[in-house]
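[1] Quick one, structure for this:
(one chain, ligands or ions: 1)
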Amino acid sequence: MGTVEDLRPIFSPKSIAVIGASRSPMKIGYEILQNILVQGYEGKVFPINPETPQIMGLKTQPSVLAVKEDIDLAIIAVPAEFVPKVVSECARKKVKGVIVISSGFAETGERGKQLEDEITEIAKKAGMRLIGPNTLGYKDPIDSLDAAFVFGMPMAGEIALISQSGALCIGMINYANGEHIGLSRVISVGNKADVDDGDVIDYLARDPETKVIAMYIEGIKDGRKFLDSAKRCAKPIVAIKAGRTPAGSAAASTHTGALSGSDVVYDSAFKQVHIQRAYDVIELFDYARALAYQPPAQGNRVGIISNGGGAGIMTADWCESIGLRVPSLTKKTADALKPHLPPITSARNPLDVTGDARFHRYYATGAIMLSDPNIDSLVMTCVHAGIARPREYVGAVIKLVEEKRNLRKPIVACWVGGPETDEVVQDLRVKNIPVYASASRAAKAVKCLTEEGRRLELVGKKKQKETPAA
Ligand code: ACO
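    Residues are numbered from 1 along each chain as shown. As a prediction, this is how the structure comes out:
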């Protein structure tokens, strides 16, 4: 069986056993069982606990060996020293896959490392895939399965999230919900004793619900396997690689037992397989949303429109300082723009549509800029100065995004203002239009879309080379 088939019973189980399902609402084993039930899982659920006959109205069994039916997935939440025994029982029961939530393994030192090797060996011998140990589990908002111990689901969407950190994973879900960013699958991989990032990338590469893969990584054990999976994956991947400094790296080794490795090596390996690197959670989602919902840019030439000259200049600076170009407009474009501009401004790039711009000025100048053959992408900025009307700006951006899809040029929105503007630009977020509260974030998102355009171009050329001429 290949990885995708191996992992299907874990991520799409017909039956789940929760080993260590607890009677106490204060315990993780209680939370896991409750989350599965709250989310409305439709398969069979078997709580395993030798100390009590039932939990949450479900009959318990003392061990998976006492369950008569087949078990696809076992989620294990008993203290580390008991995990080898329950993993062995799962192997005997021919459970198809296990998730070991328990911590107390390689992240704690030599004894923990031995325990981790022991359970990995048992699972390998039985042909049973193992996620973790030291993991949060996973959350699947598309199929409505919460197989994790912290309450709260992401909004459903098209970005998959793989995280080596459990708590950060929950923080990222909450951040994404606040930004109205939907996720397809959220998978906490923990210590990656067996199932690792490469396996999950292979799985998500074939997942029809996932368009973009976003990752938080502390260390990668099998570099070759990871790079092969990333190279095979036709979808864009964006990743944070933490543990870049001696202090970060030392913290990663006690967090998930990760060996952070040389940052320079990671950087060049990521470039080799076109993984785009983010340096914090905000960047990760900035890029992921742009990649999921805007077309890749066909080149690096950016058009900039703002109603505040300063904002346009800052955006131009940011674009040029990260390898994008802010080209001059053609005479045809400049002539077309003039009738829409007040006499105090000139038809140039970056274009200052001035503080009194209303819906039509934004819309008309945006449409003209987008039709310029020297422009590959557009940043539209709204500065909430006294007479500016953010709602009209938002309306113009939405209309442009919806009407100009056929041009295959990304449009990115940017704003400067207070809570009032933030509230108005929420309409853009709801429509999955990338919108950023700073020039640097907007420029970097465009750069990311430009890199994606380049990746697809290279992949296309490689495919052409490999296809023999008819
Ligand atoms: N089979 C089935 N059930 C059992 C077994 C067994 N062999 N042995 C014990 N149980 C039952 C217990 O009776 C108990 O149920 P009860 O409360 O009804 O009596 C339940 O399983 C839990 O066992 P406890 O001994 O009470 O264990 P506890 O819940 O205190 O801790 C846990 C277990 C949660 C796995 C803990 O050891 C642990 O590892 N916590 C940290 C988990 C974590 O943070 N994971 C990673 C996060 S992600 C990251 O940041 C990388």
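[2] C-alpha only now, for contacts and for neighbours.
    OK.
[3] chain center to the helix or strand encompassing Ser440, what's the gap?
    Ser440 is part of helix 439-466, with elements assigned from DSSP states H and E. Helix 439-466 has its C-alpha centroid displaced from the chain centroid by 18 Å (C-alpha atoms, centre = their mean, to the nearest Å).
[4] Give the other helices and strands that it contacts.
    helix 281-293, helix 309-321, strand 377-383, strand 411-416 (3 or more C-alpha pairs under 8 Å, 6 or more residues apart in numbering; DSSP states H and E).
[5] show me the contacts for the closest residue in space to Ala396 that isn't next to it in sequence.
    Once flanking residues are discounted, Ala396 sits nearest to Tyr363: 4.8 Å by C-alpha to C-alpha, 6 or more residues apart in numbering. Shown in contact with Tyr363 (C-alpha atoms under 8 Å, 6 or more residues apart in numbering): 396-397, 399-400.
[6] Quick check on the residue in the chain sticking out farthest from the centre: phi, psi?
    When each C-alpha in the chain is compared with the mean C-alpha position (C-alpha atoms, centre = their mean), Pro343 comes out farthest, at 45.2 Å. Main-chain torsions, Pro343, degrees, to the nearest 10: phi -60, psi -20.
[7] mind checking pLDDT for the closest residue to Cys233 other than its chain neighbours?
    The spatially closest residue to Cys233, leaving aside those adjacent along the chain, is Ala205, at 5.4 Å (C-alpha to C-alpha, 6+ apart). Ala205 carries a pLDDT score of 97 in this model.
[8] next one: Lys463
    Per-residue confidence (pLDDT) for Lys463: 81.
[9] Tell me the spacing between it and Ala234.
    From Lys463 across to Ala234, the span is 12 Å (C-alpha to C-alpha, to the nearest Å).
[10] related to what we said a few turns ago, most neighbours among the contacts of Tyr363, please name it.
    If you count neighbours using other C-alpha atoms under 10 Å, the busiest of the contacts of Tyr363 is Val397, which has 25 neighbours.
[11] can you tell me which residues contact that one?
    Here Val397 is in contact with 362-363, 380, 413 (C-alpha under 8 Å, 6+ apart).
[12] Tell me which two in the residues you listed are the farthest apart.
    Pairwise distances across these (C-alpha to C-alpha) peak at 12.9 Å, for the pair Tyr363 and Ala413.
[13] that older thread, buried deepest among the helices and strands packed on helix 439-466, which one?
    strand 377-383 (a mean of 27; mean count of other C-alpha atoms under 10 Å).
[14] Which other helices and strands does it contact?
    Where contact means 3+ C-alpha pairs under 8 Å, 6+ apart, strand 377-383 is packed against strand 302-306, helix 309-321, helix 359-371, helix 390-403, strand 411-416, helix 439-466.
[15] Which among those is found nearest to the ligand?
    Nearest of these to the ligand, taken as C-alpha to the nearest ligand atom: helix 439-466 at 28.5 Å.
[16] what's the angle between the closest one and helix 281-293?
    For helix 439-466 against helix 281-293, the angle by axes from the mean of the first three to the mean of the last three C-alpha atoms, to 10 degrees is 50 degrees.
[17] Show me which parts of helix 439-466 are buried, residue by residue.
    Buried residues in helix 439-466, defined by neighbour count with 16 or more other C-alpha atoms under 10 Å: 439-456.
[18] Repeat that for stretch 15-31.
    So, applying 16+ other C-alpha under 10 Å, buried residues of stretch 15-31: 15-23, 28-31.
[19] and the two most separated of those?
    Using C-alpha to C-alpha, these reach their maximum pairwise distance at Ser15 and Arg23, which is 20.8 Å.
[20] Poorly predicted segments of the stretch 1-150 of the chain, please.
    Residues of the stretch 1-150 of the chain meeting the criterion pLDDT under 70: 1.
[21] ok, Gly112 - how many residues close by?
    18.
[22] give the contact list for it.
    104-106.
[23] Can you say which helix or strand has it in it?
    Secondary structure from DSSP H and E places Gly112 in helix 110-126.
[24] Pull the distance from that helix to the chain's centre.
    30 Å.
[25] Same check on stretch 232-242?
    The mean C-alpha position of stretch 232-242 is separated from the chain mean by 9 Å, C-alpha atoms, centre = their mean.
[26] Over to stretch 162-175?
    In terms of C-alpha atoms, centre = their mean, the centre of stretch 162-175 is found 10 Å from the chain centre.
[27] C-alpha coordinates for it, CSV please?
    Extracted as CSV, the C-alpha positions of stretch 162-175 are listed here (Å, rounded to 0.1, in the frame of the first residue of the first chain):
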residue,chain,number,x,y,z
ILE,A,162,0.5,20.8,9.2
SER,A,163,2.0,21.8,12.5
GLN,A,164,4.8,20.3,14.6
SER,A,165,3.6,22.3,17.6
GLY,A,166,0.2,21.5,19.2
ALA,A,167,-0.5,24.7,21.1
LEU,A,168,0.6,26.9,18.2
CYS,A,169,-1.6,24.8,16.0
ILE,A,170,-4.7,25.9,18.1
GLY,A,171,-3.4,29.5,18.1
MET,A,172,-3.1,29.4,14.3
ILE,A,173,-6.7,28.0,14.0
ASN,A,174,-8.0,30.8,16.1
TYR,A,175,-6.0,33.4,14.1
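[28] That one vs the ligand: in contact?
    Yes - contact of stretch 162-175 with the ligand (C-alpha under 6 Å from any ligand atom) involves 165-167.
[29] thinking Arg455 is in contact with Gln272, fair?
    No - look at Arg455 against Gln272 with C-alpha atoms under 8 Å: they stay out of range, at 10.4 Å.
[30] circling back: close to the ligand as well: tell me which of the buried residues of stretch 15-31 qualify.
    Okay, of the buried residues of stretch 15-31 touching the ligand (C-alpha under 6 Å from any ligand atom), that's 19-23, 28-29.
[31] Out of these, list just those in helices.
    If you go by DSSP state H, those have 28-29 in helices.
[32] buried stuff in stretch 102-118?
    Residues of stretch 102-118 classed as buried by neighbour count (16+ other C-alpha under 10 Å): 102-107, 112-113, 115-118.
[33] do the same with stretch 334-345
    334, 336-337, 340-341.
[34] want to throw those into a markdown table with secondary structure?
    Shown next, in a markdown table, are those (DSSP: H, G, I helix; E, B strand; the rest coil):
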| residue | secondary structure |
| --- | --- |
| Ala334 | helix |
| Ala336 | helix |
| Leu337 | helix |
| His340 | helix |
| Leu341 | coil |
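[35] export those residues to a markdown table and tack on distance to Asp263?
    Output for the buried residues of stretch 334-345, formatted as a markdown table (distance: C-alpha to C-alpha, whole Å):
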| residue | distance to Asp263 |
| --- | --- |
| Ala334 | 46 |
| Ala336 | 49 |
| Leu337 | 47 |
| His340 | 50 |
| Leu341 | 49 |
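[36] what's the angle from the helix or strand containing Cys169 to helix 281-293?
    Using DSSP H and E, Cys169 sits in helix 166-178. On the basis of the same axes, to 10 degrees, helix 166-178 is oriented at 60 degrees to helix 281-293.
[37] Following element in sequence after helix 166-178, please.
    strand 183-188.
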